[in-house]
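Peer 1: Return a 3D structure for these sequence lines:
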Amino acid sequence: AQTPKDIDTAEPSDAIAAKSDVVASPPAAASDGRPKAPDAAKPPETANTAQPSSEAPAPAATVQRVTINDLLEVLGAGLRDFRAAPFYGLTVGGIYMLGGWVLFLLLMRFDLPFLVYPLAAGFALIAPFIATAFYAISHRLERKETLSWGGIAASVRGAMGRDLGWMALVTCFAMIIWMDIAAVLFFGLLGLKSMGVQELLREIFTTPMGLLLLVLGNSIGALIAFGVFSFSVISFPMLFDRNIDFVTAMITSVKLVMLNPMTMAIWCFVIAVLIGISLLSGLLGLLVVLPVLGHTSWHLYRRAVSNA
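Peer 2: Numbers count the residues shown, from 1 in each chain. As a prediction, the model looks like this:
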């Protein structure tokens, strides 16, 4: 028999059933008999609406065959870009022309005329890095974007924030090596003596040791220049365009040269001739040659590399 207290506190079965719907069930027991901790609340799934980042790694690149006709076409495209934005090309080319004059005057001031020619010839080693501004111009012209100094500078800074700066360091290091070799050859063959410009020219062109210096210096310089050309012919525009490491860009450039040895040798010769003309003109030729070569290098990269 139920006590009065039991009768007063008993709840109807309907109320008990209603509460069972509200009260959470106890956690299930684990295999060891202890209750399992409740699972952490999972965040609600959301649709993937994020836009691809511009810093995401670029897809793998494959080099393609490049013919003489392709060289002519990209050279024509480089000329068109120069004509489309002549002010920017002439301004950047003029800056580097003035820089070359300053270096020449400094070498003469410190009585180092024997380094003038090696320094001028070594300009070809760092020209791909110098031409980075022209990659930005050609890229903006392709996308039909408005050209401005601020936009060009921002593009170059963005590329330098990736591995383009490391690639520039590699080419500058190659130029330093070339200058050291030139100095060693000069002192080894002509002795440790100071010479004026006229005496230096007479020594080089009228003595056996001077002629040997001329032959050895140009031969070694050509080998170094072609080596740098092989790993930099498209690596700089590629690093400007893609978020990749500089070693991958160098390997891709070498693969392009190996796949197209004759075409790339002709392109290297064209670059050497144009830069030689610029040097013979007292660097005035850089006003046109540097922008055209820079724009052409961009279009060569676009033509020679897949997914570019």
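Peer 1: Check Ser194 and give its pLDDT.
Peer 2: Per-residue confidence at Ser194 stands at 78 (pLDDT).
Peer 1: Report the contact partners of it.
Peer 2: By CB atoms under 8 Å, 6 or more residues apart in numbering, Ser194 lies in contact with Asp111. The way it works is simple: take the backbone N, C-alpha and C, and place the C-beta from them, glycine included.
Peer 1: likewise Leu115?
Peer 2: Applying CB under 8 Å, 6+ apart, the residues contacting Leu115 are Leu107, Met179, Ala182, Ala183.
Peer 1: Make a ChimeraX selection of the buried ones in these.
Peer 2: Selection of buried members from the contacts of Leu115 for ChimeraX, criterion 16 or more other CB atoms under 10 Å:
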select :179,182
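Peer 1: you'd agree Met209 is up against Phe187?
Peer 2: No. Using CB atoms under 8 Å, Met209 makes no contact with Phe187, being 11.5 Å away.
Peer 1: Give the buried residues for stretch 193-200.
Peer 2: Neighbour-count burial for stretch 193-200 [16+ other CB under 10 Å]: Met195, Leu200.
Peer 1: just for this protein, where's the confidence low?
Peer 2: 1-60, 308 (pLDDT under 70).
Peer 1: Which members of the contacts of Leu115 occur in helices, if any?
Peer 2: Of the contacts of Leu115, the ones assigned to helices by DSSP state H are Leu107, Met179, Ala182, Ala183.
Peer 1: Just give the nearest non-adjacent residue to the third one, would you?
Peer 2: Computed as CB to CB, 6 or more residues apart in numbering, the closest residue to Ala182 that is not its neighbour in sequence is Pro118, at 3.7 Å.
Peer 1: Where does the one you found sit: helix, strand or coil?
Peer 2: Recorded secondary structure, Pro118: helix (DSSP: H, G, I helix; E, B strand; the rest coil).
Peer 1: and if you look at Leu192?
Peer 2: Following three-state DSSP, the label given to Leu192 is coil.
Peer 1: returning to what we had before: from the contacts of Leu115, pick the one nearest Asp81.
Peer 2: Nearest to Asp81 among these is Met179, at 32.2 Å by CB to CB.
Peer 1: Wait, that closest one touches Tyr117, no?
Peer 2: No. Look at Met179 against Tyr117 with CB under 8 Å: they stay out of range, at 11.0 Å.
Peer 1: sorry, back to before: so which of the ones in helices among the contacts of Leu115 is the closest to Pro86?
Peer 2: Nearest to Pro86 among those, with distances taken as CB to CB, is Leu107, at 31.2 Å.
Peer 1: hang on, the closest one packs against Pro118?
Peer 2: No. Contact criterion CB under 8 Å: Leu107 and Pro118 do not qualify, at 10.0 Å.
Peer 1: residue ranges for the strands of this protein, please.
Peer 2: Using DSSP state E, no strands are found in the chain.
Peer 1: could I get stretch 139-152 in PDB with only the CA atoms?
Peer 2: Output of stretch 139-152 as PDB, limited to C-alpha atoms (Å, rounded to 0.1, in the frame of the first residue of the first chain):
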ATOM      1  CA  HIS A 139      51.500  41.500 -68.800                       C
ATOM      2  CA  ARG A 140      49.300  44.500 -68.300                       C
ATOM      3  CA  LEU A 141      49.000  45.100 -72.000                       C
ATOM      4  CA  GLU A 142      47.900  41.600 -72.500                       C
ATOM      5  CA  ARG A 143      45.200  42.000 -69.900                       C
ATOM      6  CA  LYS A 144      44.300  45.400 -71.400                       C
ATOM      7  CA  GLU A 145      44.900  47.100 -68.000                       C
ATOM      8  CA  THR A 146      45.800  50.800 -67.600                       C
ATOM      9  CA  LEU A 147      49.500  51.400 -67.400                       C
ATOM     10  CA  SER A 148      50.900  53.400 -64.500                       C
ATOM     11  CA  TRP A 149      54.200  53.600 -62.700                       C
ATOM     12  CA  GLY A 150      52.500  52.600 -59.400                       C
ATOM     13  CA  GLY A 151      50.900  49.500 -61.000                       C
ATOM     14  CA  ILE A 152      54.200  48.500 -62.600                       C
END
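Peer 1: Show me which residues of that stretch are buried.
Peer 2: Here stretch 139-152 shows His139, Arg140, Leu141, Ile152 as buried, counting by 16+ other CB under 10 Å.
Peer 1: Quick one: residues contacting the last one.
Peer 2: If I follow you right, that is Ile152. Tyr88, Ala133, Ala136, Ile137, Arg140.
Peer 1: Pull up the gap between the third one and Asp241, please.
Peer 2: With the distance defined as CB to CB, to the nearest Å, Ala136 ends up 10 Å from Asp241.
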